[in-house]
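Okay, structure incoming, though there's no sequence with it:
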């Protein structure tokens, strides 16, 4: 069983993304980094997370190799931004009712990319 399947598949990842982005948009530090029309960002995040956790290769099928660090380079990302992003994700995972041990797994897995995107030391 893949992590994608263990976490509940497409339905769970859709719910996570739908809970996550209102939190991101309301966050004073990271909200301004995102466009007003968040729908395309949400769809990309859904596709990426699905693929990242072992589900279908939705992101790569549409956008090619994720190259996430390169895609985030135009934005100033500090450790505070990464922490804020992970904090919003933690809250979203709680809101969707993911079991605590699964929350820990998801957050640990996402820490790598979140901190890999840091491109400014402030």
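Received the coordinates, thanks. These numbers come from a predicted model, not from an experiment. Numbers count the residues shown, from 1 in each chain.

and the nearest residue to residue 75 once chain neighbours are set aside, how many residues sit next to it?
Leaving aside its chain neighbours, residue 75 sits nearest to residue 33 (5.4 Å; criterion: CB to CB, 6 or more residues apart in numbering). Using the backbone N, CA and C atoms, a C-beta is placed for each residue, glycine as well. Counted with other CB atoms under 10 Å, residues neighbouring residue 33 total 16.

was I right about residue 33 contacting residue 82?
No - the criterion here is CB atoms under 8 Å, and residue 33 misses it with residue 82 at 11.9 Å.

per-residue confidence at the residue nearest to residue 75?
For residue 33, the pLDDT comes out at 91.

Got the phi and psi for it?
Here is the backbone geometry of residue 33 (degrees, to the nearest 10): phi -80, psi -10.

what do you get for the one 4 residues further on?
In terms of degrees, to the nearest 10, the main-chain angles of residue 37 are phi -80, psi 90.

Could you check the pLDDT of it?
95.

Also the one 4 residues further on?
Residue 41 is assigned 94 on the pLDDT scale.

surely it meets residue 33?
No - counting by CB under 8 Å, residue 41 stays clear of residue 33, with 10.1 Å between them.

quick one on the thing from earlier: so how far is residue 5 from the residue nearest to residue 75?
Relative to residue 5, residue 33 is positioned 32 Å away (CB to CB, to the nearest Å).
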